[in-house]
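# Sequence first, predicted model second:
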Amino acid sequence: MTAITSAEMHLLQNVRAKADELARLIQDANAAGLTIVFNINPPMGACDRFDVFKMVPVDMKLSAH
């Protein structure tokens with residue numbers, strides 16, 4: 001097994017911090033009633049899909065009349 005350099009360890013710590021921040025932001029969005037679907041494309045270095053949906057409750061009793 002190859003040892004990880006300090007620069008690589010620093011990079012991984014930064015990735016982990018950003019991933020935690022993204023997870024918290026998505027949790028906040030979910031609490032606001034939003035659903036986020038995304039795809040991260042590492043070779044491209046970007047998020048190549050980012051869809052947001054807002055679920056709205058529908059009162060089926062009113063629509064029956």
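Cool, got the structure.

# ok, L12 - how many residues close by?
L12 is flanked by 11 other residues according to other CB atoms under 10 Å. C-betas here are computed from N, CA, C, even on glycine.

# Need the nearest residue in space to it, chain neighbours excluded.
I4 (7.5 Å; CB to CB, 6 or more residues apart in numbering).

# before we move on, what SS does that neighbour have?
coil (DSSP: H, G, I helix; E, B strand; the rest coil).

# quick one: low-confidence parts of the protein?
63-65 (pLDDT under 70).

# Quick one: the strands in it, in order.
34-41, 46-54 (DSSP state E).

# Could you identify which of those is most buried?
Counting by mean count of other CB atoms under 10 Å, strand 34-41 has the highest mean neighbour count of the strands of the chain, with a mean of 12.

# Format the CA atom coordinates belonging to that strand as PDB.
Only the C-alpha atoms of strand 34-41 are listed here, as PDB (Å, rounded to 0.1, in the frame of the first residue of the first chain):
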ATOM      1  CA  LEU A  34     -37.300  20.600  -1.900                       C
ATOM      2  CA  THR A  35     -35.900  17.500  -3.500                       C
ATOM      3  CA  ILE A  36     -32.600  17.700  -5.200                       C
ATOM      4  CA  VAL A  37     -31.300  15.200  -7.700                       C
ATOM      5  CA  PHE A  38     -27.800  15.700  -9.000                       C
ATOM      6  CA  ASN A  39     -24.900  13.900 -10.600                       C
ATOM      7  CA  ILE A  40     -21.300  14.900 -10.100                       C
ATOM      8  CA  ASN A  41     -19.000  14.100 -13.100                       C
END
